[in-house]
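1. coords please:
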Amino acid sequence: MTILGIGGVLNDAAVAVVRDGKLVAAIEQLKLTRASKLGELPLAAMNEALRIAGVTFAEVDCVALVRPLGRGADTDLYLALRALLPNAHVLLVDHHTAHAASAFYASPFERATVLTLDRGGDLRCGALWRGEGGDLRVQKELYFADSLGDLYGRVTALLGFEPNADEHKVQWLSASGSDRLVPLFQSIIGSAWPRVDRSFFDGHRPAQGGFSSRFYEALGLADGAEIPAGMRADVARGIQGALEHIVIEMGGTGENLALAGGLALNVLLVAALERSGRWKNVFVQPAAGNSGTSIGAALYSWHGHHGQTKRVDLGGLLLGPVYTAEETKQVLENCKLSFRFMLTTSELVVRAVEELNVNKIIAWMHGRMEFGPRALGNRSILASPLNPYSTENLNQFIKHRESFRKFAASVPAEFADKYFEAGPNARYLSTVSRIRPEHRETFQPAVLGDGWIRVHTVHKEDNPLYWELLQAFGKSTGLPVLYNTSFNLFGDPLVCSPRDAVRSFYSSGIDSLFCGQFLLQK
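-> Numbers count the residues shown, from 1 in each chain. Here you go, the predicted structure:
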């Protein structure tokens, strides 16, 4: 049985393929094409995902399409799918149902409470579910007027960032703020289950989040004033802290909790749920946003529609395209670039460690592209934590971003406990972890707030080459940890192809590019 899941047609379109109970491919359209048109089927991603799966369009048994599709688009897209996939049953899946399925069916839990939260994929912006076996049922719903995602986006705009794009910046900025404004945002949100006080908004103010004079008065500012530099982190912490409080209340208590939806990409929120003591186990769908609904739709079809009981493993989320040595060589030669070809994996790893040991920052592009928003070791920029200037160089001269945004620390899973207090969600960079006190000084440049750090635990079975690099770096230095950030620049999506990698490499301050078996240096 081959199931094709399509999600995010109106925003972050993506495709996933489940074949005979295995997730064999998942790709975002934007990463492939570097541009996408909202409301259209992600044809490039569909073609590539089915090519990877080894099936033709005619061999697809079911296509699960996630709503919303846009006003009046249902019929047109349905007919287009019928034409493309002549033998497939078309299954339409509600947006939050797809979110819930992406969390519950991908989790290790047979029974769980599931919480889905986003800005507003349809009229709903949240829901509480109960999952048991193959059954997934909604228990309580949240609608757009009380959207936590919308409020977080308003604060994003208030702080001068881009709403629906830069919410992660508010999250990281919040790590250095105080709790003094948390009560204000709690009063806006309400308690137990959100009921947003709309008097804090002014519908006639489209800019700066549309907050009303009542809000500015509560901040002690003149109506419509720009947020002072000294208050920005406290405002960010205000919304972040209030979000954490209300979501903990919404989830309730129990054995297992699973999360999805755009707000589940907030790793500080995930960490707050993990340490709340309300739940024994917390699982977050690592591709929690709209793109992840493609996986959710495919899993909903597999379990909910076809009644299959075998769980589908996410694996290492390395589900995109891979490029052969010949394909890479052709790109490099067409660009008239000088390169060194390394014959063996051992030579590749040794040379990479040599570069890192002389404090060079390297781009590391190997194997299949990651699915989701985070680099997990196949499309990464890497630096040594022993380089005292690594985070400064990464932020200022390569990524060109704010100093309060920190980098993840990748570590082999078997060594993680020595340096960090990291839970299962660190496998996908979906939470933050504590640094062991004796190693606090080593990782000080990557610290968030009071001893927190983004940790990526690398399992050998997930990514053997990246695991081998970390092991080799550890043998060379005594520290099997590398700083890892996504291989992309200036808001572009994660690099996908060798050509993308070359373009980003020569547009940045990265010292060396390891692209498959090829090494390029400046």
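
2. how about the helices in the stretch 101-250 of the chain?
-> Assigned by DSSP state H, counting those that start in this stretch, the stretch 101-250 of the chain shows helices spanning 148-158, 167-174, 182-189, 213-219, 229-251.

3. got a list of what Lys406 touches?
-> Trp172, Thr391, Pro445, Ala446, Val447, Leu448, Ile453, Arg454 (Cβ atoms under 8 Å, 6 or more residues apart in numbering). Yep, even glycine has a C-beta here, placed from its N, CA and C like the rest.

4. What backbone torsions are found at the spatially most central residue of the chain?
-> In the chain, the residue lying closest to the centroid (Cα atoms, centre = their mean) is Pro373, at 3.4 Å. The phi/psi pair for Pro373 (degrees, to the nearest 10) reads phi -80, psi 0.

5. rewinding a little: so which two of the contacts of Lys406 are the farthest from each other?
-> Greatest spatial distance in these: Trp172 and Pro445, 14.0 Å, computed using Cβ to Cβ.

6. More neighbours: which of these two?
-> Trp172 (22 against 17; other Cβ atoms under 10 Å).

7. pretty sure that one is touching Val447, no?
-> No: contact status for Trp172 versus Val447: not in contact, 11.9 Å apart, counting by Cβ atoms under 8 Å.

8. what about His400, neighbour count?
-> The number of residues packed near His400 is 13, by other Cβ under 10 Å.

9. In contact with Val350, which residues?
-> Val350 sits next to Ala472 when contact means Cβ under 8 Å, 6+ apart.

10. And the helix or strand containing it, what's buried?
-> Per DSSP states H and E, Val350 falls inside helix 345-357. Buried residues in helix 345-357, counted by 16 or more other Cβ atoms under 10 Å: Leu348, Val349, Arg351, Ala352, Val353, Glu355, Leu356.

11. The residue lying closest to Glu59 once chain neighbours are set aside and Met46, how far apart?
-> Nearest non-adjacent residue to Glu59, counting by Cβ to Cβ, 6 or more residues apart in numbering: Thr2, 6.0 Å away. According to Cβ to Cβ, to the nearest Å, Thr2 and Met46 sit 12 Å apart.

12. same thing with Gln396?
-> 39 Å.

13. higher neighbour count, these two?
-> Legend: neighbour count by other Cβ under 10 Å for Gln396 and Met46, higher for Met46 (23 against 14).

14. do you know how far the more buried one is from Ala13?
-> 10 Å.

15. Touching both of the two, which residues are there?
-> Residues touching both Met46 and Ala13 by Cβ under 8 Å, 6+ apart: Ile6.

16. where's Leu23, which helix or strand?
-> Going by DSSP H and E, Leu23 is in strand 22-28.

17. If you count contacts, what does that strand end up packed against?
-> Other helices and strands packing on strand 22-28, by 3 or more Cβ pairs under 8 Å, 6 or more residues apart in numbering; DSSP states H and E, are strand 14-19, helix 43-53, helix 293-299.

18. Show the subsequent helix or strand relative to that strand.
-> As the chain continues past strand 22-28, the following element, by DSSP H and E, is helix 29-33.

19. Give me the contact list for that following helix.
-> By Cβ under 8 Å, 6+ apart, helix 29-33 touches 12-15, 36, 42, 44-45, 48, 320-321, 369, 493-494, 496.

20. Name the pair among those with the greatest separation in space.
-> That would be Asp12 and Pro321, which, of these, are the farthest apart (Cβ to Cβ) at 18.0 Å.

21. okay, those two: which has more neighbours?
-> Ranked by neighbour count (other Cβ under 10 Å), Asp12 and Pro321 place Asp12 first, with 23 against 18.

22. which residue packs closest to that one, ignoring adjacent ones?
-> Asn290 (4.0 Å).

23. now Leu173
-> Ala236 (4.1 Å).

24. any idea how far the one you found is from Leu319?
-> In terms of Cβ to Cβ, Ala236 sits 33 Å off from Leu319.

25. And those two? Which one has more around it.
-> Ranked by neighbour count (other Cβ under 10 Å), Ala236 and Leu319 place Ala236 first, with 28 against 23.

26. Do I have it right that Gly254 meets Thr113?
-> Yes: under the contact definition of Cβ under 8 Å, Gly254 touches Thr113, with a separation of 5.4 Å.

27. Those two: which is more packed in?
-> The neighbour count for Gly254 versus Thr113, taken as other Cβ under 10 Å, is higher for Thr113 (22 against 14).

28. wait, what's in contact with the more buried one?
-> Leu128, Trp129, Arg130, Gly131, Gly251, Gly252, Gly254, Asn256, Leu257, Ala258.

29. Now for Val270: which residues touch it?
-> So Val270 contacts Leu259, Ala264, Val282, Val284, Asn425, Ser430, Thr431, Val432 (Cβ under 8 Å, 6+ apart).

30. which of these tops the neighbour count?
-> So for the contacts of Val270 (other Cβ under 10 Å), the most neighbours sit at Leu259, 32 neighbours.

31. Wait, a strand at it?
-> Yes: under DSSP: H, G, I helix; E, B strand; the rest coil, Leu259 falls within a strand.

32. per-domain residue ranges of this protein.
-> By the record's domain assignment, the chain is partitioned as 2-97+292-305, 108-284, 325-521 (automatic domain parsing).

33. these two touch, right, Gln471 and Leu479?
-> No: assessed by Cβ under 8 Å, Gln471 is found out of contact with Leu479, at 11.5 Å.

34. ok, the residue nearest to the centre of the chain to Tyr419 distance?
-> Distance from Pro373 to Tyr419, counting by Cβ to Cβ: 24 Å.

35. Stretch 117-125: how far from the chain's middle?
-> Relative to the centre of its chain, stretch 117-125 is centred 18 Å away, using Cα atoms, centre = their mean, to the nearest Å.

36. neighbouring contacts of it?
-> Under the contact criterion Cβ under 8 Å, 6+ apart, stretch 117-125 has outside partners 67-68, 94-96, 99, 126, 141-144, 146-150, 152-153, 164, 247, 259, 261-264, 289-290, 293.

37. What's the mean pLDDT across stretch 248-262?
-> Per-residue pLDDT over stretch 248-262 has a mean of 97.

38. Name the residues of it that come out as buried.
-> Neighbour-count burial for stretch 248-262 flags Ile248, Met250, Gly251, Asn256, Leu257, Ala258, Leu259, Ala260, Gly261, Gly262 (criterion: 16+ other Cβ under 10 Å).

39. any idea how far Lys22 is from Phe109?
-> Note on Phe109: its distance to Lys22, by Cβ to Cβ, is 20 Å.

40. of the two, who's got more company?
-> More crowded of Phe109 and Lys22, by other Cβ under 10 Å: Phe109, with 20 against 12.

41. Asn281 is in contact with that one, correct?
-> Yes: using Cβ under 8 Å, Phe109 is in contact with Asn281, at 7.0 Å.

42. got any residues that touch both of the two?
-> Joint contacts of Phe109 and Asn281 (Cβ under 8 Å, 6+ apart) are Asn256.

43. just to revisit the earlier point, among the buried residues of stretch 248-262, give me the pair with the biggest separation.
-> Longest distance between any two of the buried residues of stretch 248-262 is 21.6 Å, between Asn256 and Gly262; criterion Cβ to Cβ.
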